[in-house]
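Student: Curious how this folds, go ahead:
(2 chains, ligands or ions: 2)
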Amino acid sequence: MLHPPLDREVMIKKENPHLTRKNVEALAEWQGNPDWMRQARLKYFELFEKLPMPGRRDEEWRKSDISQLAYDRYVPFLTEEQPEYSIDSLPEGFQVQLSTEEQSNGLCIAVDGRKTYSKLAQQLQEKGVIWTDMKTAVRKYPELVQKYFMTSVDENEENKFTALNAAFWNSGMFLYIPKNVHLDLPLHMINFFDNTQLLHNLHTLIVLEQGASAVYFDEFASSEKQEQAWVNSAVEIFVGDGARLQYISLQNLSGNVYNFAHRRARIERDAVMNWLVGTFGSEFTKSTISSILNGEGAETQMLGIAFGERNRFIDQHTHQIHEAPHTRSDLLFKNAIMEGGRTVYRGVIRIAQHAQRSDAYQANRNLMLGDNARAESIPALEIIANDVRCTHGATVGKIDPEQLFYLQSRGLSRPEAVQLLVRGFFFPVLQHIEQEYISERMSEIIEERTATVIDKI
Amino acid sequence: MSLAKKLEIKNLHVKTEEKEILKGLDLTINVGEIHAIMGPNGSGKSTLANTLLGHPNYEVTEGDILLDGESILEMEPDERAKRGLFLAFQYPAEIPGVSVMNFLRLATKARVNGNGQEMSISEFRKLLKEKLELLQMDESFLNRYLNDGFSGGEKKRMEILQLAVLKPSIAILDETDSGLDIDALKTVAAGFNSLVGPDFGALVITHYQRILNYIKPNFVHILVDGKIAKSGGPELALHLEEHGYAWITEK
Ligand SMILES: Nc1ncnc2c1ncn2[C@@H]1O[C@H](COP(=O)(O)OP(=O)(O)OP(=O)(O)O)[C@@H](O)[C@H]1O
Ligand SMILES: [Mg+2]
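Tutor: Ligands and ions are numbered 1, 2, ... in the order given. From the prediction side, this is the model:
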């Protein structure tokens, strides 16, 4: 059979009958949004309608085939009354999480975007810290939300799915930390998805005022289901002058989930933004992470670990955007890929003309755990300033047979040895997690994931 | 499962990359015995050591290796280790991202599985502390990545530290003495000697007579071209030191 011409061939041809202007209005109405939010939604709906579906020739989408997304099936909100979820109905792993509550400054659990549990340390509330769901925030803190909502990048940099998110956001959190307030323990958010009809359009907004500091731990998990589910989440982060945020995410979604994640941070003068993104589950993940170094002396560390299982696809894009002089970005993304798994990494470094004396570092390391594993790495450098340092590199390797033999000769079985080597591979990233309960949680999941497939190595 | 008391190597032929390296080697090691093997570069000493532990690159084409009378040729390296075999590598692998502490804990657990009681964390720490002292190693080694960036001498000490912690019944030391200064040599020998006794046997591969001043072998074997060319007592090592290998091959 002849292939059809590829040019501009869009990957999704169906229309979704639920993504209408009328439904934008209905969602705004149903949420009780004030008029400015209704207007904002409508503006992004127009953009959504205007922007074309990604085509196979679009640079950003070239490698990721989304033709299997059941695009026309999802609804932007549920009209019928939904069953109340209690914490007890969550899978076992999450019950355990509750026991780590004292180790965080706040814990919130949302199922299908609805808050089922939430707690924020009293002394933080007294200091003016706000941590609540977006719907409530829009109502209670309109000036704050309006000031930041959809301002993290220029409108012309939005794409079909970020516009979709902004028009139809139906869940997500709002975090505001006032000037010079320090959170000594993390805020822990657990997003659990059960419904396979609802388009999980999370929009999370994190604002740190000047000199504030925090660690945010964002977890994503879902029920095991046959039917496909779709998560299209956006996170916008604003790190004020001299403020410091570590954002840790752990995506452990089930194998039926199509997961789009758009995350970006604007980092002001002398501020520090550290990402640590763990991607372990889902059938398909398309993730974009951007650090926009907007103020002189701003810094970002971007760390990622991903585990590509059989028949799974993980496409990660990163943007290190230097917009001011003396800015630093340091990136390390590590992928372990199983037999039949596939990952794509694309890393953009952009250093603007005026961003002199900046420093950008990018490394992508891939560990192939099967013969039929695939990892692609695509650097994209756009460096206009001349007085900068920029290095990037990508490697693809396998488990070293000498290391394996060494460990086995000490009595570790082959699966144990491989597991240890995979853990060792990820360790340089995991060591940047200070909180033991978070790094243990990550290690547990790495272990679970490797254990199920390890004997095939 | 009790640890092996006897290692028998019978008419062992080994090839790698289509080249025959061991050509009919016979050797028996009982617990309570220390054997030294000497031989020119490339004669097959490391090949023997690696083959005993089941390195996948070495193929046994003829002969057998037995532990307490049972062939181990079909066993994975870890099964051999669990039977009591241990190899101190000539060139230990570096394992970044895996701390010495974590590794030793897993290795001891693997050893102990099926062999009795698991150690508690505090017992384990105590054991480590004691062995580190014995080998004059700083405790900070425990938090470093296994062999990663270790100096040659540190790597050798780490091999003996593992030997002392894991307590195998039959150990093969592949040139553990090479590259050690005289003080380190004494320390490493002391670590080794702490294990010597009726339940411990060893095969010490070396080029130098000097280690045999500290480690007293009962038997010395000379490996030439893939075979044991001569066996004898400690005096054989002294003779070699003086005359080299030529006199053996000439005969
Ligand atoms: N994996 C391999 N592939 C190819 N050739 C090998 C391999 N391993 C060993 N050899 C060859 O087999 C021969 C024996 O090597 P081996 O390492 O056993 O010698 P050795 O006696 O330990 O030497 P040395 O005293 O230098 O350590 C050498 O010629 C070596 O090049
Ligand atoms: Mg050798």
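Student: can you confirm B:R111 is in a strand?
Tutor: No - with DSSP: H, G, I helix; E, B strand; the rest coil as the criterion, B:R111 is helix rather than part of a strand.
Student: wait, it sits on B:L85?
Tutor: No - between B:R111 and B:L85 there is no contact, the gap being 11.4 Å when judged by C-beta atoms under 8 Å. Any C-beta I mention is one placed from the backbone N, CA and C, and that applies to glycine too.
Student: Between those two, which has more neighbouring residues?
Tutor: B:L85 (26 against 23; other C-beta atoms under 10 Å in any protein chain shown).
Student: Tell me who's in contact with A:Q226.
Tutor: By C-beta atoms under 8 Å, 6 or more residues apart in numbering or on different chains, the contact set of A:Q226 is A:N256.
Student: cool, and A:L175?
Tutor: With contact set as C-beta under 8 Å, 6+ apart, A:L175 has these partners: A:V129, A:I130, A:W131, A:L187, A:T204, A:L205, A:I206, A:V207, A:A214, A:Y216.
Student: Could you pick out the residues of chain B near ligand 1 for me?
Tutor: Contact residues (C-beta under 6 Å from any ligand atom) of chain B with ligand 1: B:16-17, B:21, B:39, B:41-47, B:57, B:90.
Student: and of these, the nearest to A:G308?
Tutor: B:N57 (28.7 Å; C-beta to C-beta).
Student: Tell me how far the residue lying closest to A:V111 once chain neighbours are set aside lies from A:Q228.
Tutor: In space, and not counting its chain neighbours, A:V111 is closest to A:Y85: 4.1 Å by C-beta to C-beta, 6 or more residues apart in numbering or on different chains. Separation of A:Y85 from A:Q228 (C-beta to C-beta, to the nearest Å): 21 Å.
Student: Check B:Y91 too.
Tutor: 51 Å.
Student: Looking at those two, which one has more neighbours?
Tutor: Per other C-beta under 10 Å, whichever of B:Y91 and A:Q228 has more neighbours is A:Q228, with 16 against 13.
Student: Against chain A, which of the residues of chain B next to ligand 1 make the cut? List them.
Tutor: Among the residues of chain B next to ligand 1, proximity to chain A is found for B:N57 (C-beta under 8 Å from any C-beta of the partner chain).
Student: The residues of chain B next to ligand 1 in helices, which ones?
Tutor: Residues of the residues of chain B next to ligand 1 located in helices (DSSP state H): B:K45, B:S46, B:T47.
Student: Tell me who's in contact with the nearest residue to the first one once chain neighbours are set aside.
Tutor: The spatially closest residue to B:K45, leaving aside those adjacent along the chain, is B:I205, at 4.7 Å (C-beta to C-beta, 6+ apart). Under the criterion of C-beta under 8 Å, 6+ apart, the contact list for B:I205 reads B:A36, B:I37, B:M38, B:K45, B:S46, B:L48, B:A49, B:Q90, B:I172, B:L173, B:D174, B:E175.
Student: With pLDDT and neighbour count added, can I get those in JSON lines?
Tutor: Formatted as JSON lines, these follow (pLDDT from 0 to 100; neighbours: other C-beta atoms under 10 Å in any protein chain shown):
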{"residue": "B:A36", "pLDDT": "95", "neighbour count": "24"}
{"residue": "B:I37", "pLDDT": "95", "neighbour count": "26"}
{"residue": "B:M38", "pLDDT": "93", "neighbour count": "24"}
{"residue": "B:K45", "pLDDT": "95", "neighbour count": "24"}
{"residue": "B:S46", "pLDDT": "95", "neighbour count": "20"}
{"residue": "B:L48", "pLDDT": "97", "neighbour count": "27"}
{"residue": "B:A49", "pLDDT": "97", "neighbour count": "23"}
{"residue": "B:Q90", "pLDDT": "94", "neighbour count": "19"}
{"residue": "B:I172", "pLDDT": "97", "neighbour count": "28"}
{"residue": "B:L173", "pLDDT": "97", "neighbour count": "28"}
{"residue": "B:D174", "pLDDT": "96", "neighbour count": "22"}
{"residue": "B:E175", "pLDDT": "93", "neighbour count": "21"}
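Student: quick one: which of those is nearest A:K334?
Tutor: B:Q90 (30.9 Å).
Student: measure the residue nearest to the closest one when sequence neighbours are not counted to B:N50 for me?
Tutor: Take B:Q90 and drop its neighbours on the chain: the residue closest to it by C-beta to C-beta, 6+ apart is B:D174, 4.0 Å away. Going from B:D174 to B:N50 by C-beta to C-beta gives 8 Å.
Student: Nearest to chain A: which residue in the stretch 101-250 of chain B?
Tutor: Using C-beta to the nearest C-beta, the closest approach of the stretch 101-250 of chain B to chain A is made by B:A110 at 3.6 Å.
Student: A:N366 falls within a strand, correct?
Tutor: Yes - A:N366: assigned to a strand according to three-state DSSP.
Student: which element is B:N50 on?
Tutor: If you go by DSSP states H and E, B:N50 is part of helix B:45-53.
Student: Run through who's touching that helix.
Tutor: A:405, A:409, B:7, B:9, B:12, B:14, B:16, B:21-22, B:25, B:37, B:39, B:57-58, B:60, B:65, B:77, B:80-81, B:85, B:87, B:89-90, B:172, B:174-175, B:203, B:205, B:223.
Student: please redo it, this time with the cut-off set to 7 Å
Tutor: Applying C-beta atoms under 7 Å, 6 or more residues apart in numbering or on different chains, the external contacts of helix B:45-53 come out as A:409, B:14, B:16, B:21-22, B:25, B:37, B:39, B:58, B:60, B:65, B:77, B:80, B:85, B:87, B:90, B:172, B:174, B:205, B:223.
Student: Among those, which are located in helices?
Tutor: Going by DSSP H, the helices hold A:S409, B:P77, B:R80 from the contacts of helix B:45-53.
Student: How many neighbouring residues does the last one have?
Tutor: Read that as B:R80. Neighbour count of B:R80, defined by other C-beta under 10 Å: 25.
Student: With A:L27 instead?
Tutor: Per other C-beta under 10 Å, the neighbour tally for A:L27 reads 19.
Student: tell me the phi and psi of the residue lying closest to it once chain neighbours are set aside?
Tutor: The shortest distance from A:L27 to any non-neighbouring residue, by C-beta to C-beta, 6+ apart, is to A:F77 (5.2 Å). Dihedral pair for A:F77: phi -160, psi 160, per degrees, to the nearest 10.
Student: try B:G152
Tutor: phi -50, psi -50.
Student: again, but for A:L412
Tutor: According to degrees, to the nearest 10, A:L412 has phi -80, psi 130.
Student: With adjacent residues omitted, what lies nearest to it?
Tutor: B:A110 (5.3 Å).
Student: That neighbour - how many residues pack around it?
Tutor: By other C-beta under 10 Å, the residues close to B:A110 number 22.
Student: Against ligand 1, how distant is it?
Tutor: 26 Å (C-beta to the nearest ligand atom, to the nearest Å).
Student: if we can go back for a sec, tell me what the residue nearest to B:Q90 is bridged to.
Tutor: Note on B:D174: beta-bridge partners B:I205, judged by DSSP bridges.
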